[in-house]
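A.B. asks: Got a sequence here, can you model it:
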Amino acid sequence: MIVPALAATDPLRLQLDPPAVIAAGQAIMAGLVDCLPAPDGGSGADGGSLTGRLWGKLCPAPPDDGLKGALRAALVLLADHELAASTFAARVAASVRAEHRLRAGGPGQRGRHGSGAAEAVFAVARTAGWIGHALEEYARHTPLRPRARYTGPRYPAPGGNQQGTPRFDGG
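C.D. replies: Sure thing, here's the model as predicted:
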């Protein structure tokens, strides 16, 4: 819900130049963090950095530098999953110049990552990754057109064709 709400008020949402896309990505990630509820007994605020604000939403205790570093490392590690389904969808959308906010709330981002804290960390990290993939696709200036080539076993064709053909009947 936060991504469409942010999009409605962003006058630059259709600009695809790198500074505008990066600024939109930062706004999306900040919005994802800022909309999280504060933990029990916590204020939900811990500094101005994205990592600090995310920590404040995840834990009532103030972090030490090591814990903040671990959270930052988790965000970096989760940012890119190469061609997971959601990343591929983001790349395809970007390749045809779809509005970047459509991709940021993309598919496969919820329901499989455990606790609410894990979901929040994953969503923020993946948004950063998707923005990076979008920037790569915008620089290509061509639609992403996936190609497939069957690499499975060949079976002799009826009638003695020596070339053989892939079998698609499951048998």
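
A.B. asks: mind checking which helix or strand F88 is in?
C.D. replies: Per DSSP states H and E, F88 falls inside helix 85-95.

A.B. asks: let me fix that: P60
C.D. replies: For P60, there is no host helix or strand (DSSP H and E).

A.B. asks: Just list what the helix holding F88 packs against, helices and strands only.
C.D. replies: Secondary-structure packing of helix 85-95 (3 or more Cβ pairs under 8 Å, 6 or more residues apart in numbering; DSSP states H and E): helix 100-104, helix 116-140. Every residue, glycine included, has its C-beta placed from N, CA and C.

A.B. asks: and of these, who's closest to L71?
C.D. replies: Of all the helices and strands packed on helix 85-95, helix 116-140 sits nearest to L71, with 7.2 Å by Cβ to Cβ.

A.B. asks: so can I have CSV of the helices and strands packed on helix 85-95 showing mean pLDDT, mean neighbour count and distance to A94?
C.D. replies: Listed next are the helices and strands packed on helix 85-95 as CSV, based on pLDDT from 0 to 100; neighbours: other Cβ atoms under 10 Å; distance: least, Cβ to Cβ, whole Å:
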stretch, mean pLDDT, mean neighbour count, distance to A94
helix 100-104, 49, 23, 6
helix 116-140, 88, 19, 4
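
A.B. asks: List the buried residues of the helix holding F88.
C.D. replies: Within helix 85-95, the residues scored as buried using 16 or more other Cβ atoms under 10 Å are S86, T87, F88, A89, A90, R91, V92, A93, A94, S95.
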